[in-house]
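Undergrad: All I have is the shape, not the residue letters:
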């Protein structure tokens, strides 16, 4: 093997085995708790810059998995009112609201936090909370192509 071929092989092995992408199978998401307090919009920007987006919980199984990341804390998830949609603009087919929510108390509660009770509550988007990001297999950073 020539030196150039050895270097190309080495770089290909590193690219293929990189843990930052591809760890989620098609249709799956990986979740990360970011324990930095931010507004909902700042949290969404952070997730989009470093992951894929804020958590978009599509069923009870995902909700349980996300809940296990943050025992005893309130966290942002990606649901907001315009009407209620996920931060990527898709409709929400699953919700887990507490019995009194959404209530838009004060007409300014347009973002969603998951409570310590694992139920959802609408709250002002300017509150500063830790948040859950997801990285999915559809992450643009993970869809690199290799041309040899």
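TA: Everything's here; your move. If you're wondering where the values come from, they're calculated on a predicted model, not measured in any experiment.

Undergrad: where do the helices sit along this protein?
TA: With DSSP state H as the criterion, the chain has helices at 3-17, 40-50, 60-67.

Undergrad: Buried residues, the last one. List them.
TA: This points to helix 60-67. Buried residues in helix 60-67, counted by 16 or more other CB atoms under 10 Å: 62-63, 66-67. Placement of C-beta: from N, CA and C, glycine included.

Undergrad: Pull the residues that contact it.
TA: With CB atoms under 8 Å, 6 or more residues apart in numbering as the test, helix 60-67 has contacts from 29, 31, 55, 57, 77, 94, 96, 114, 118, 132.

Undergrad: Need the per-residue pLDDT for the closest residue in space to the last one that isn't next to it in sequence.
TA: When the adjacent residues along the chain are set aside, residue 132 lies closest to residue 55, with 3.9 Å between them (CB to CB, 6 or more residues apart in numbering). For residue 55, the model assigns a pLDDT of 95.

Undergrad: Run a quick neighbour tally on residue 55.
TA: Residue 55 has 30 neighbours, counted by other CB atoms under 10 Å.

Undergrad: quick one: it and residue 33 touch, right?
TA: No: applying CB atoms under 8 Å as the test, residue 55 and residue 33 come out as separate, 9.6 Å apart.

Undergrad: what sits in contact with each of those two?
TA: Here residue 55 and residue 33 have 131-132 as joint contacts, going by CB under 8 Å, 6+ apart.

Undergrad: This structure: strands as residue ranges?
TA: Along the chain, the segments classed as strands by DSSP state E run 29-38, 53-54, 75-81, 84-86, 111-114, 120-123, 129-136.

Undergrad: Out of these, which one sits most buried?
TA: Greatest average neighbour count among these goes to strand 111-114 (a mean of 26), per mean count of other CB atoms under 10 Å.
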